[in-house]
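when you get a sec, could you give me coordinates for this:
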Amino acid sequence: MKTETTRDSGGAPLHRRTFLQYAGAGAAAAGLFAAGCRKESAAVNTTQTANGIDIGMGDPAILNYAYALEQLEAAFYIEVVKTPYAGITDHEALLFTEICEHEVIHREFFKAALGAGAIPDLTPDFSKIDFTNRTSVLTYAKAFEDTGVAAYDGVGYLIQNPDYLTIAGKIVSVEARHAAYIRNLIQLGDYAGADVIDMNGLNNTKTIAEVLAIANSFLKTKVSASHYNYVA
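Residues are numbered from 1 along each chain as shown. Predicted coordinates for the structure are as follows:
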């Protein structure tokens with residue numbers, strides 16, 4: 001089977017599979033390693049309200065916000081890998097497996113970093129997604145990845161701890177590569193579009209309110225952020 005290639009920084013050919021490993025797993029693994037070194041956010045007091053689980057405020061809230069999104073993405077790709085759509089190629093199956101692994105690492109990083117302050121496991125609602133249909137899977141994969149990138153870029157300025165900001169920057173770069181790959185599957189050569197980048201070529205951002213409105217439509221367990229002017 002012929003696979004697409006790109007080139008690494010030294011000019012050597014790099015298979016698409018290796019490219020995702022190169023671009024994603026290293027940053028994610030670094031985040032997971034860092035999780036074992038700091039548990040300062042464990043004292044955060046998330047609360048269960050009539051509107052769902054409120055993430056609280058400060059850095060712990062932003063980490064829980066990211067943790068909620070990574071739970072959702074990981075659950076989605078686990079389902080994609082578990083029940084591959086009709087006609088999926090070996091190449092696509094392999095890449096979805098690698099994306100799934102990245103998302104699980106991201107999820108586990110935030111869970112470890114938050115410790116006792118982590119929000120509970122969330123229950124997804126994927127009833128509107130037809131996992132047997134390629135178009136359905138790619139459409140929602142694109143939506144999840146584009147939302148994830150916009151979410152990270154939209155809250156970076158709120159993060160106070162520089163170590164957390166560094167890790168968030170690494171993770172969002174991985175999510176952006178996922179987004180580009182999914183777009184290329186939908187339309188060859190389309191790695192980003194006017195719907196996700198502005199006239200300066202920078203990623204569009206979304207507020208916590210905008211992102212949670214999207215995420216909650218795929219969650220049975222709702223998440224709210226009352227300290228950031230949002231209630232589910």
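
tell me what the helix or strand encompassing residue 80 is packed against?
Assigned by DSSP states H and E, residue 80 belongs to helix 58-82. Judged by 3 or more C-beta pairs under 8 Å, 6 or more residues apart in numbering; DSSP states H and E, helix 58-82 is in contact with helix 90-114, helix 134-155, helix 162-186, helix 208-215. All C-beta spots, glycine's among them, are computed from the backbone N, C-alpha and C.

buried residues, the first one. List them.
To tie it back to what came earlier, the one meant is helix 90-114. Across helix 90-114, burial judged by 16 or more other C-beta atoms under 10 Å covers 92, 94-96, 98-114.

likewise stretch 151-168?
Counting neighbours by 16+ other C-beta under 10 Å, stretch 151-168 gives 151-155, 159, 161, 164-165, 167-168 as buried.

again with stretch 122-140
Residues 122, 124, 129, 131, 134, 137-138, 140 are the ones in stretch 122-140 that count as buried (16+ other C-beta under 10 Å).

what is the mean pLDDT for it?
For stretch 122-140, the mean per-residue pLDDT is 97.

mind listing residues that contact that stretch?
The contact list for stretch 122-140, computed with C-beta atoms under 8 Å, 6 or more residues apart in numbering, reads 53, 68, 71-72, 75-76, 79-80, 83, 85-88, 182, 185-186, 217-221, 223.

right, and residue 211 touches residue 146 too?
No: the pair residue 211 / residue 146 is not scored as a contact, 10.8 Å apart, by C-beta atoms under 8 Å.

CA atoms only: put stretch 180-189 into PDB for me.
Only the C-alpha atoms of stretch 180-189 are listed here, as PDB (Å, rounded to 0.1, in the frame of the first residue of the first chain):
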ATOM      1  CA  ALA A 180      -5.400  19.300   9.300                       C
ATOM      2  CA  TYR A 181      -5.300  15.600   8.700                       C
ATOM      3  CA  ILE A 182      -9.000  15.200   9.000                       C
ATOM      4  CA  ARG A 183      -9.600  18.100   6.600                       C
ATOM      5  CA  ASN A 184      -7.200  16.400   4.100                       C
ATOM      6  CA  LEU A 185      -9.200  13.200   4.300                       C
ATOM      7  CA  ILE A 186     -12.400  15.100   3.500                       C
ATOM      8  CA  GLN A 187     -10.800  17.100   0.700                       C
ATOM      9  CA  LEU A 188      -7.300  16.400  -0.500                       C
ATOM     10  CA  GLY A 189      -5.000  19.400   0.100                       C
END
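
list the buried residues of it.
So for stretch 180-189, counting by 16+ other C-beta under 10 Å, buried means 180-183, 185.

next, the buried residues of the helix holding residue 80.
59-77, 79-81.

that one - what's its average pLDDT?
The model assigns helix 58-82 a mean pLDDT of 96.

just want the angle from that helix to helix 208-215.
Relative orientation of helix 58-82 versus helix 208-215 (axes from the mean of the first three to the mean of the last three C-alpha atoms, to 10 degrees): 20 degrees.

what angle sits between helix 58-82 and helix 134-155?
For helix 58-82 against helix 134-155, the angle by the same axes, to 10 degrees is 170 degrees.
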